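*Asks:* Need the 3D shape of this:
(one chain, ligands or ions: 2)
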Amino acid sequence: MLSPGDTTPDILRAHPGVKRVPSPKLELFMCDDFLPPDLCDRLIELIEADRRPSTVADYNGDAAFRTSETCDLDVKHPAVIDLERRLHTFNGMDPAHGETPQGQRYAVGQEFKQHTDWFNPGGADWEKYCSTAGQRTWTFMIYLNEVEAGGGTRFKVLGKTVQPKRGKLLCWNNRKPDGSGNVNTLHHGMKVRAGVKYVITKWYREKPWG
Ligand SMILES: O=C(O)CCC(=O)C(=O)O
Ligand SMILES: [Fe+2]
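*Replies:* Residues are numbered from 1 along each chain as shown. Ligands and ions are numbered 1, 2, ... in the order given. The predicted structure follows:
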């Protein structure tokens with residue numbers, strides 16, 4: 001039986017316009033126009049209004065590893081309720097397994113170097129981030145605007161870079177079939193060269209969140 005913190009390619013593909021990136025290395029899907037422009041604008045306003053420096057787990061000594069800013073979205077705000085409803089209709093997942101959705105903002109020169117969204121079970125921060133809710137299962141990411149230059153999301157193992165496009169969703173399974181982290185999910189939020197980049201990130205867990 002499907003765990004409540006999981007979804008399947010069949011569920012995702014039931015949504016019009018969803019395409020799987022053809023690779024046996026990971027389950028990666030894309031969908032243009034997942035969010036309407038007016039909702040993108042409302043979410044950008046929320047990110048602009050309330051942001052903090054982004055953080056990383058298992059700090060590796062590189063202070064420039066993730067230079068963006070993060071907004072912890074207010075789950076009671078109507079725009080965030082609308083966002084979450086669309087995500088859960090789409091992925092069929094139990095909302096209780098979702099982390100609080102975040103917005104990420106990248107100014108010119110800011111980036112998130114190559115990383116995975118799953119946590120290292122042997123890492124220093126495993127206990128802090130995973131003791132209650134377990135490992136991350138799926139990542140859902142949505143670009144909220146067009147970026148003038150740069151700011152693509154590069155999946156090095158696949159040799160694929162996705163360019164930001166307003167309303168476009170990207171989602172992938174962070175695990176291999178045996179449940180362990182899939183290194184093929186390595187990705188890099190590349191430097192913005194001109195303009196500002198805004199994205200939504202929503203991660204799901206094996207167990208209920210919070
Ligand atoms: O901004 C991007 O393109 C990637 C963001 C990302 O990987 C993350 O927030 O975990
Ligand atoms: Fe990521």
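
*Asks:* Find the residue closest to the closest residue to ligand 1 within the chain in space, skipping its chain neighbours.
*Replies:* In the chain, the residue that lies nearest ligand 1 is Gly189 (2.8 Å; CB to the nearest ligand atom). C-beta coordinates here come from the backbone N, C-alpha and C atoms, glycine included. Excluding the flanking residues, the one nearest Gly189 by CB to CB, 6 or more residues apart in numbering is Phe112, at 3.7 Å.

*Asks:* Relative to Asp94, how far out is that neighbour?
*Replies:* 27 Å (CB to CB, to the nearest Å).

*Asks:* Quick check on these two: which one has the bigger neighbour count.
*Replies:* Phe112 (21 against 15; other CB atoms under 10 Å).

*Asks:* Tell me which residues touch that one, please.
*Replies:* With contact set as CB atoms under 8 Å, 6 or more residues apart in numbering, Phe112 has these partners: Ser54, Phe65, Arg66, Thr67, Ser68, Gln104, Tyr106, His188, Gly189.

*Asks:* Please apply the same query to Ser3.
*Replies:* Here Ser3 is in contact with Thr137, Glu206 (CB under 8 Å, 6+ apart).

*Asks:* All the strands of the chain, residue numbers only.
*Replies:* Applying DSSP state E to the chain gives strands spanning 18-20, 28-31, 52-53, 69-72, 102-106, 112-115, 136-143, 149-150, 153-155, 160-162, 169-173, 187-189, 192-194, 197-205.

*Asks:* and the fifth one, C-alpha only, in PDB?
*Replies:* Coordinates of the C-alpha atoms in strand 102-106 are reproduced here as PDB (Å, rounded to 0.1, in the frame of the first residue of the first chain):
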ATOM      1  CA  GLN A 102       9.000  27.800   1.800                       C
ATOM      2  CA  GLY A 103       9.800  30.500  -0.600                       C
ATOM      3  CA  GLN A 104      13.400  31.000  -1.800                       C
ATOM      4  CA  ARG A 105      14.700  34.300  -3.200                       C
ATOM      5  CA  TYR A 106      17.900  34.700  -5.200                       C
END
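
*Asks:* so what does that strand touch, helix or strand wise?
*Replies:* In terms of contacts (3 or more CB pairs under 8 Å, 6 or more residues apart in numbering; DSSP states H and E), strand 102-106 is packed against helix 37-49, strand 69-72, strand 197-205.

*Asks:* near ligand 1, which residues of this structure?
*Replies:* For the chain, the residues in contact with ligand 1 (CB under 6 Å from any ligand atom) are Gln104, Phe112, Asp117, Thr153, His187, Gly189, Val199, Thr201.

*Asks:* give the contact list for the third one.
*Replies:* By CB under 8 Å, 6+ apart, Asp117 lies in contact with Arg136, Thr139, Asn174, Thr185, Trp203.
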